[in-house]
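Colleague: one predicted model, sequence on top.
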Amino acid sequence: MSATGGWTEWVGRKASRTDWVNPNHVAQLLAVLDRDEPFPRAGDPVPPAFHWTLFTPLARQSEIGVDGHPRRGGFLPPVPLPRRMWAGSRVRFVAPIRVGEAVEQISVIDRVEEKHGKAGSLVFVTVRHAVSGPAGLAVEEEQDIVYREAPPPTAANASPPPVEVAPAGEFRSEIRPDPVRLFRYSALTFNGHRIHYDRPYATGEEGYPGLVVHGPLLATLLLDLARRQFPDRGIERFRFKAVRATFDVSPFHVVGARGDEAGALRLWSTDNRGQIGVEAEAQLR
């Protein structure tokens, strides 16, 4: 089956996973975020985006592909395009997930869309997730996954487009994406994709200039920036979209500004050239 058709039969496919909120797991995320907080106790609410560290893929070692991802197939359609990335999400935080709780995630493939652009063929898969705990629904999310072609060999030597520097914002923090942080986040999410920790593979096989910073890690850093700026306000809604890849070759920034509506925030990260890497919006409670 090609990437240009035949994936509609995957729409409506459902899967469910269970997990539990291990306090050590929460502490590990706080360590990755460089937060100095007490060790989590039973009943404590977890930070927003912690649910991205739950329900991790558990493919057997023999089922892992050359890129470190589980081989194609299973719940998601086996799109043959070689590159796969988390393109963005729209999240509603309904109620707290708490340390010590058993949780369940029900996932449904909502749509599969094929597009063609300057980068060639693209296939977008949108998955709806509902995460529930003992008190009921906790998180609703629409997640966009994009499959794309590998760039032609000439792309690596092409002149980069002009830089459009991202705005300065009202509040910001510098992030140094060292390989240890990227490895720790990969371990926390059981993400075997080699572009995040295997530099020879990322640069030699995939043609990247360095290790790729995880899209959900960038989104988590943006949420953490909002929490640090507004520590007494919870986050009700959050959406993010990956615009450009960010690599570990230089520091970058997570940036924010107040939006036009009460409690609204505009958030973005810069890539290694100072352009917007991830753009996001959040609504404070």
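Modeller: Ah, there it is.
Colleague: tell me which element residue 147 is part of?
Modeller: strand 136-148 (DSSP states H and E).
Colleague: tell me the mean pLDDT for that strand?
Modeller: For strand 136-148, mean pLDDT is 95.
Colleague: also stretch 30-39?
Modeller: 96.
Colleague: buried ones in that stretch?
Modeller: 30, 32, 33 (16 or more other Cβ atoms under 10 Å). Every residue, glycine included, has its C-beta placed from N, CA and C.
Colleague: can you tell me what sits against the strand holding residue 147?
Modeller: 3, 51, 76, 79, 81, 83-97, 103, 110, 119-132 (Cβ atoms under 8 Å, 6 or more residues apart in numbering).
Colleague: how far is the helix or strand that comes right after it from where the chain is centred?
Modeller: Next helix or strand after strand 136-148 toward the C-terminus (DSSP H and E): strand 171-175. Here strand 171-175 is found 19 Å from its chain centre; the criterion is Cα atoms, centre = their mean, to the nearest Å.
Colleague: longest helix in this protein, please.
Modeller: Ranked by number of residues, the top helix in the chain under DSSP state H is helix 215-229.
Colleague: what's next to that helix, contact-wise?
Modeller: Residues outside helix 215-229 that contact it (Cβ under 8 Å, 6+ apart) are 29, 32-33, 35, 47-49, 52, 85-89, 171-173, 175, 182, 185, 189, 235, 238, 240, 242, 246, 254-256, 265, 267-269, 277-278, 280, 282, 284.
Colleague: by how many degrees do the helix or strand following that helix and strand 136-148 diverge?
Modeller: Proceeding N to C from helix 215-229, the next assigned helix or strand is strand 235-242, under DSSP H and E. Calculated by axes from the mean of the first three to the mean of the last three Cα atoms, to 10 degrees, strand 235-242 forms an angle of 10 degrees with strand 136-148.
Colleague: relative orientation of strand 235-242 and helix 215-229 in degrees?
Modeller: Using the same axes, to 10 degrees, the direction of strand 235-242 lies 140 degrees away from that of helix 215-229.
Colleague: report all helices and strands that strand 235-242 contacts.
Modeller: For strand 235-242, the contact count by 3 or more Cβ pairs under 8 Å, 6 or more residues apart in numbering; DSSP states H and E identifies strand 83-93, helix 215-229, strand 276-284 as packing neighbours.
Colleague: any chance of the ones you listed in JSON lines, plus distance to residue 139, mean pLDDT and mean neighbour count?
Modeller: Converted to JSON lines, these look like this (distance: least, Cβ to Cβ, whole Å; pLDDT from 0 to 100; neighbours: other Cβ atoms under 10 Å):
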{"stretch": "strand 83-93", "distance to residue 139": "6", "mean pLDDT": "93", "mean neighbour count": "20"}
{"stretch": "helix 215-229", "distance to residue 139": "13", "mean pLDDT": "97", "mean neighbour count": "22"}
{"stretch": "strand 276-284", "distance to residue 139": "14", "mean pLDDT": "96", "mean neighbour count": "21"}
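Colleague: so which of these gets nearest residue 66?
Modeller: strand 83-93 (12.8 Å; Cβ to Cβ).
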